[in-house]
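Asks: What shape does this take:
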Amino acid sequence: MSSITPKNIKVLGGKEVIGFQGMDNNGEFEVLHVKEIKGNKVILFNPKSLSKIYYGYQAFTRANLMNEESVPVSTFSIKN
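Replies: Prediction:
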């Protein structure tokens with residue numbers, strides 16, 4: 001199985017990005033806001049140290065990032 005990285009990421013409907021959460025070292029979650037999107041990279045406002053970042057990790061998500069072909073970006077997590 002191979003992975004394809006999109007060249008560009010966009011927001012469905014041109015609205016604010018929805019779906020990012022961060023978890024701190026105490027296990028507390030907070031909603032994260034996007035500062036900007038550059039090509040296929042998302043730059044987040046990060047007010048404090050986080051141990052993990054999640055995208056689209058809700059039972060029913062309204063996450064709204066799309067690739068250049070308007071296919072939704074898959075759920076993912078990143079360890080800090």
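Asks: ranges for the strands of this protein?
Replies: For the chain, the strands identified by DSSP state E occupy 9-11, 20-23, 29-31, 34-38, 41-44, 52-55, 65-67, 76-79, in order along the chain.
Asks: Give the pairing partners of the longest one; include direction for each.
Replies: By that I understand strand 34-38. The partner list of strand 34-38 in its sheet, established with DSSP bridges, is strand 41-44 (antiparallel).
Asks: again with the first one
Replies: The sheet places strand 9-11 alongside strand 65-67 (antiparallel), with pairing taken from DSSP bridges.
Asks: about what we covered before: for the strands of the chain, give me JSON lines that also has mean pLDDT and mean neighbour count.
Replies: From N, CA and C alone the C-beta is placed, and that goes for glycine too. Output for these, formatted as JSON lines (pLDDT from 0 to 100; neighbours: other CB atoms under 10 Å):
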{"stretch": "strand 9-11", "mean pLDDT": "90", "mean neighbour count": "16"}
{"stretch": "strand 20-23", "mean pLDDT": "94", "mean neighbour count": "19"}
{"stretch": "strand 29-31", "mean pLDDT": "92", "mean neighbour count": "12"}
{"stretch": "strand 34-38", "mean pLDDT": "92", "mean neighbour count": "13"}
{"stretch": "strand 41-44", "mean pLDDT": "91", "mean neighbour count": "13"}
{"stretch": "strand 52-55", "mean pLDDT": "94", "mean neighbour count": "19"}
{"stretch": "strand 65-67", "mean pLDDT": "91", "mean neighbour count": "18"}
{"stretch": "strand 76-79", "mean pLDDT": "92", "mean neighbour count": "10"}
